[in-house]
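> 3D, please:
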Amino acid sequence: MTSKTWKKMKNWAYSVPIALMSFLPACEPENEPPTAKLDVTPLTAEVPAQVRMRVTGEDPDGVGDIKQYNLIIGSENIKSTTPIDITRTFTNVGTITVYGQVTDSENQINKTAAKSLELLVGPYIDQSASLVNENEISYSATVHKKTNAQLEIKKDGALLMTIPIPDVNTSGVDFQKVFKYNPDGIIKGNYEFKLKADDLEKTNSIQIQNYKPTTDLSGVDAELMEGVEKTVTLPIPLDKNPEDNPVAIKSAKSLDGKTQAILNGNNLTIKPLTYTGDYQIEIEFGSTVGGLEKAILTGSITQEPWTYYVNPFVSTNSNGAAYDALTTKAQRDAYVQQKLFEDWTNTIMPSFPPNPTWDCTEYSNQLMINLHGIPGAIGYSGFDLDSIYYYFGTLKDNGKYGLPNYFVLVLGGVSGHDMNAILTGDDITKFEDWCFIEPQRDSINVKPGHLYFPETCYIEIRAPPRDREGNQMGIVPIASFNVVNKIATFKQPFTDPNLKIVKNRE
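From the prediction side, this is the model:
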């Protein structure tokens, strides 16, 4: 090998390591982890509390190497690429764990030690007011760390009462009460409850409305029998506003004209009129202050088991309307006397054979025709005296006076006698309530011992009944009296079971 060649090889051997060394990496320093810092101010506070929380960090490689900051508040995680500095308001009491964390560019993480944020109850007041039992107010108040709380209650803007409420319990309610009508005077209206303690104030409003009174008529026995009045006791209406009790019943009236309603306090007398079937009566109750309400009493009128009736207390037609309006026996007696003086029956003179006989029977019958009337009768209707004798009367003034005049048969003494009678009193069984008439002389209130009226006798009063359609038919006995030495005793004569006799004036 030549020296030249060796020299080249020698130079090449030195140059290779140098060249290889030029491709090896340079020696760099290792990454240093960051350090997180946390500041929470204050750590103990009364709610509502404002707390400042800051997360910062340090890094040997420079603060710019930190790429993320985290603030963890309980379960909340706040992230930022820059240091965190926030102020948060807390309203709930309790303990909250707070810590901070930073992460650098090499994802190395550092956490701070956890700090406990203590949130305590501060001075506060609270209250609640609610309506209970529809007219009472349930109230409660809580006062914490305040010594001078006061409750003001206003009704419709006017001060009703003032109540001091101290802080007597370290936790929980300090005052509770149900305000009532008695003894607190709580009535319908608008109420304001204002609780104050220094700069703290709470206000609640409650309304007690004006309830309408109510009643329940379902338990009232309103079933009637035709012609028989009934008195029922109505239940006392109630009002949810206690100050409006007791509730008065103001009025009662028929809604359909089937009954007459007479109210006396809580007692209602129902008089059925000439109807059967269902009926309705309107009951009004309440007051102007508490409110007026109405309720409907319903019932039914059942037909009585009779076919014919006699009512000796009412006129027989519209001509007797003035008689129906009278209210005392004396007034009715005077009216009867007046109509007898107007009537001509007593002017007919007795007749003797060979003319047809005109005696007490004919006088009684003619007065019956003129005062009472015989509807639908057919016969002589003139005023010729001979014809009157011949036909034993005339229908000329049939029913002219419309009075409930009846036949009277008197048995005793030498022979029988016919008279008339009108029940001007109130009781069919009382002898003194009958006005006995001597038709030949226009005499009223004839007594035993007067002329043809023996002191001891038997008296039977006969009347024409009517059917349900008002048709008059026949003659039936309705009352009788045994008279002994002028003392009369009532005796009920036999009557058809299908006949109804009204015995007392309604």
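> what about the helices in the stretch 401-506 of the chain?
Taking DSSP state H, counting those that start in this stretch as the criterion, the stretch 401-506 of the chain contains no helices.
> in it, what spans have low per-residue confidence?
Scanning the stretch 401-506 of the chain for pLDDT under 70 picks out the ranges 414.
> can you pull out the strands in it?
With strands called from DSSP state E, counting those that start in this stretch, the stretch 401-506 of the chain shows them at 406-411, 417-423, 434-437, 457-463, 466-467, 476-484, 487-491, 499-501.
> partners of the last one, with directions?
To tie it back to what came earlier, the one meant is strand 499-501. Next to strand 499-501 in the sheet, as set by DSSP bridges, lie strand 308-310 (parallel).
> residues of the partner strand that come out buried?
308-310 (16 or more other C-beta atoms under 10 Å). All C-beta spots, glycine's among them, are computed from the backbone N, C-alpha and C.
> and of those, the nearest to Ser254?
Proximity of the buried residues of strand 308-310 to Ser254 was ranked by C-beta to C-beta; the top entry is Tyr309 with 22.3 Å.
> ok, the closest one touching Lys503?
No: counting by C-beta atoms under 8 Å, no contact exists between Tyr309 and Lys503, whose distance comes to 11.5 Å.
> Which parts of this structure belong to which domain?
Domain assignment of the chain by automatic domain parsing yields the ranges 35-121, 124-208, 243-302, 310-501.
> will you turn the ones you listed into CSV that also has distance to Glu226?
What follows is those, written out as CSV (distance: least, C-beta to C-beta, whole Å):
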stretch, distance to Glu226
domain 35-121, 79
domain 124-208, 44
domain 243-302, 6
domain 310-501, 9
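> mind checking which of those domains is nearest Asp221?
Using C-beta to C-beta as the measure, domain 243-302 is the one of the domains of the chain that comes nearest Asp221, at 8.1 Å.
> how long is the closest one end to end?
Distances were taken as C-alpha to C-alpha, to the nearest Å; on that basis the terminal residues of domain 243-302 are 42 Å apart.
> Assign a three-state SS to Ser218, would you?
Recorded secondary structure, Ser218: coil (DSSP: H, G, I helix; E, B strand; the rest coil).
> Number of residues surrounding it?
By other C-beta atoms under 10 Å, the residues close to Ser218 number 8.
> okay, it: pLDDT?
Per-residue confidence (pLDDT) for Ser218: 96.
> Give me the phi and psi for it.
Taking degrees, to the nearest 10, you get phi -70, psi -20 for the backbone angles of Ser218.
> One more: Leu371?
Dihedral angles of Leu371 (phi, psi; degrees, to the nearest 10) stand at phi -80, psi -50.
> With adjacent residues omitted, what lies nearest to it?
Asn405 (3.8 Å; C-beta to C-beta, 6 or more residues apart in numbering).
> right, and the one you found touches Leu367 too?
Yes: the pair Asn405 and Leu367 passes the contact test of C-beta under 8 Å, sitting 6.4 Å apart.
> shared neighbours, the two?
Common neighbours of Asn405 and Leu367 are listed as 420, 437 (criterion: C-beta atoms under 8 Å, 6 or more residues apart in numbering).
> Any idea how many residues pack against Asp199?
Neighbour count for Asp199, taken as other C-beta under 10 Å: 7.
> Going forward, count from 6.
That works, and once the first residue is 6, the last one we named lands at Asp204.
> any idea which element Phe346 lies in?
Counting by DSSP states H and E, the element that carries Phe346 is helix 334-347.
> no, scratch that, I was asking about Gln55
Counting by DSSP H and E, the secondary-structure element that holds Gln55 is strand 54-63.
> Export that strand to CSV, keeping only CA atoms.
Listed next in CSV are the C-alpha coordinates belonging to strand 54-63 (Å, rounded to 0.1, in the frame of the first residue of the first chain):
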residue,chain,number,x,y,z
ALA,A,54,-72.5,35.0,51.8
GLN,A,55,-70.2,36.4,49.1
VAL,A,56,-67.1,34.2,48.8
ARG,A,57,-64.0,35.0,46.7
MET,A,58,-62.2,32.0,45.2
ARG,A,59,-58.9,32.1,43.3
VAL,A,60,-56.8,29.4,41.6
THR,A,61,-53.3,30.3,40.4
GLY,A,62,-50.2,28.3,39.7
GLU,A,63,-46.4,28.3,39.5
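> is it true that Asn324 lies in a helix?
Yes: inclusion of Asn324 in a helix is indicated when three-state DSSP is applied.
> Now do it against Asn82, distance only.
109 Å (C-beta to C-beta, to the nearest Å).
> which of the two has more neighbours?
Set side by side, Asn324 and Asn82 give different neighbour counts by other C-beta under 10 Å, the larger being at Asn324 (16 against 10).
> residues near the closest residue to the more buried one other than its chain neighbours, how many?
Nearest residue to Asn324 in three dimensions, chain neighbours excluded: Gly407, at 3.4 Å (C-beta to C-beta, 6+ apart). Applying the criterion other C-beta under 10 Å, we find 21 residues in the vicinity of Gly407.
> Repeat that for Cys462.
Residues near Cys462, counting by other C-beta under 10 Å, number 21.
> just the one 4 residues further on next, same as before
Residue crowding around Ile466 was assessed by other C-beta under 10 Å; the count is 22.
> Now do the same contact list for it.
Ile466 makes contact with 411-413, 426, 439, 482-485 under the criterion C-beta under 8 Å, 6+ apart.
> quick one: low-confidence parts of the chain?
By pLDDT under 70, the weakly predicted segments of the chain are 6-33, 419.
> That one: helices as residue ranges?
Taking DSSP state H as the criterion, the chain contains helices spanning 8-26, 326-329, 334-347, 365-372, 390-396.
> Report the buried residues of the fourth one.
Yep, that's helix 365-372 we're talking about. Residues 365, 367-372 are the ones in helix 365-372 that count as buried (16+ other C-beta under 10 Å).
> For the most centrally placed residue in the chain, give the beta-bridge partners.
Nearest to the centroid of the C-alpha atoms of the chain, with distances taken as C-alpha atoms, centre = their mean, sits Thr219, at 1.6 Å. Beta-bridge partners of Thr219, counted by DSSP bridges, are Leu243.
> again with Ile492
For Ile492, the beta-bridge assignment (DSSP bridges) gives partners Val489.
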